[in-house]
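Peer 1: Kindly return the folded structure for what I paste below:
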Amino acid sequence: MKKALVTGASGFVGSHLVDSLLENGNYEVFAAIRKTSNKKYLQNKRIKFIELPYNNSQSLKELLKLNDFDAVFHIAGATKQKKTGEFDIANYCNTKALVDALEGLKAKLIFTSSFAAHGPADETTNEPARVSDICKPNTEYGKSKWKAEQYINANFKGEYIILRPTGVYGSRETDYFVFFQTINRHLEPYLGFTPQRLTFIHGKDLANVCICCFESNISGKTYFVSDGKLYMDYEFANITKQILNTWTLKIKFPLFIVRGIVFILDCISKITGKAFTLNKDKYNILKARNWDCDISDLQNDINFQPKYFLKEGVLEAITWYKKEKWL
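Peer 2: I've put the predicted structure just below:
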């Protein structure tokens, strides 16, 4: 039985990955969490819990060496920051510490980066983003992920694969949930007047990709991860309305108005220490028009075929939200 470490295991993607590894049956699963982490989705008695001392290189090295993992799935990171620099610490510095501590060990590293590390695809040609492109991240979050990618590529001597998932949604997720909640309240908001080109990956499909990449003989490659289809923003809304069986009032917000709102919220965030869903990073993501990506290499290398396309995935998510009384 192979030993697998999942960082960020209490989160949305991490908890789905833990579930998938346990269902696989070939893994002894270690969930890396903090003392303050919520274990709501980590109730299986086969899970072994571990805390990683990222800020103590010697202790981290000894802990990883002691457990001798076959696979390290590095999911942990920050998607929101209350203070400037938190993205860098959580997404770059902790990844660097983990990479350094894994030196000389046998573990294959599967690093979950983000489409944000690349930045939006070309809005003039509408060509999809490709791994061969020059990365131009347009958010602090994306820049921190790109730095982590560069460090892994330059310094990790073992086997590794870097994954750049696009918009990840599904049961347990909280950001897209806000959109579903808004539609359920009969509002259909759009930022700007040009439709957005969007791509998605369901959380359970992303977990499957992580495992397939570890089990493959491939190393040293980076992949975008989506379900392989392109959707327009209004298609996403229409699918959601259909599943919720509701009507909406469409509202299009000019960019300058939203930019002003974001400025005010960022000021409040700095004063109160509260992180808002709508912030400067989120604004830069929302204003970009092309989030299409090419996954042909992922399909060819691991024969990836998603279980969920957007309609099936939104149905799964909304069914879960209703069951849990979120909606």
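
Peer 1: Residue 151 against residue 95, yeah?
Peer 2: Yes. The pair residue 151 / residue 95 is scored as a contact, 6.7 Å apart, by C-beta atoms under 8 Å. In this view, the C-beta of every residue, glycine as well, is placed from N, C-alpha and C.

Peer 1: who has more neighbours, the two?
Peer 2: Comparing residue 151 with residue 95 by other C-beta atoms under 10 Å, the one with more neighbours is residue 95, at 25 against 17.

Peer 1: Which element, helix or strand, includes that one?
Peer 2: In this assignment (DSSP states H and E), residue 95 forms part of helix 94-101.

Peer 1: So which elements touch that helix?
Peer 2: helix 57-67, strand 71-74, strand 108-112, helix 140-155 (3 or more C-beta pairs under 8 Å, 6 or more residues apart in numbering; DSSP states H and E).

Peer 1: how about those in JSON lines, adding distance to residue 209?
Peer 2: Converted to JSON lines, the helices and strands packed on helix 94-101 look like this (distance: least, C-beta to C-beta, whole Å):
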{"stretch": "helix 57-67", "distance to residue 209": "24"}
{"stretch": "strand 71-74", "distance to residue 209": "11"}
{"stretch": "strand 108-112", "distance to residue 209": "9"}
{"stretch": "helix 140-155", "distance to residue 209": "17"}
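
Peer 1: from the ones you listed, which stretch is densest packed?
Peer 2: With neighbours defined as mean count of other C-beta atoms under 10 Å, the helices and strands packed on helix 94-101 peak in mean count at strand 71-74, which reaches a mean of 27.

Peer 1: Only C-alpha atoms, please: export that strand in PDB.
Peer 2: C-alpha atoms of strand 71-74 as PDB (Å, rounded to 0.1, in the frame of the first residue of the first chain):
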ATOM      1  CA  ALA A  71       3.100  10.600  -3.000                       C
ATOM      2  CA  VAL A  72       2.800  14.200  -1.800                       C
ATOM      3  CA  PHE A  73      -0.200  16.100  -3.100                       C
ATOM      4  CA  HIS A  74       0.400  19.700  -2.300                       C
END
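
Peer 1: hmm, back to that, of all the helices and strands packed on helix 94-101, which one is nearest residue 168?
Peer 2: Residue 168 sits nearest to strand 108-112 of all the helices and strands packed on helix 94-101, at 9.2 Å, using C-beta to C-beta.

Peer 1: so that closest one versus helix 140-155, what angle?
Peer 2: 160 degrees (axes from the mean of the first three to the mean of the last three C-alpha atoms, to 10 degrees).

Peer 1: Tell me the neighbouring strands of strand 108-112, and mark each as parallel or antiparallel.
Peer 2: According to DSSP bridges, strand 108-112 forms sheet pairs with strand 71-74 (parallel), strand 160-165 (parallel).

Peer 1: sorry, back to before: pull out the buried positions in the helix holding residue 95.
Peer 2: Neighbour counts over helix 94-101 (16 or more other C-beta atoms under 10 Å) mark 94, 95, 96, 97, 98, 99, 101 as buried.

Peer 1: Any chance of a markdown table for the strands paired with strand 108-112, columns mean pLDDT and distance to residue 315?
Peer 2: As requested, those are exported to a markdown table (pLDDT from 0 to 100; distance: least, C-beta to C-beta, whole Å):
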| stretch | mean pLDDT | distance to residue 315 |
| --- | --- | --- |
| strand 71-74 | 98 | 27 |
| strand 160-165 | 98 | 20 |
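
Peer 1: Check the spacing between residue 177 and residue 277 real quick.
Peer 2: Counting by C-beta to C-beta, to the nearest Å, the gap from residue 177 to residue 277 is 10 Å.

Peer 1: which of those two has more neighbours?
Peer 2: residue 177 (21 against 12).
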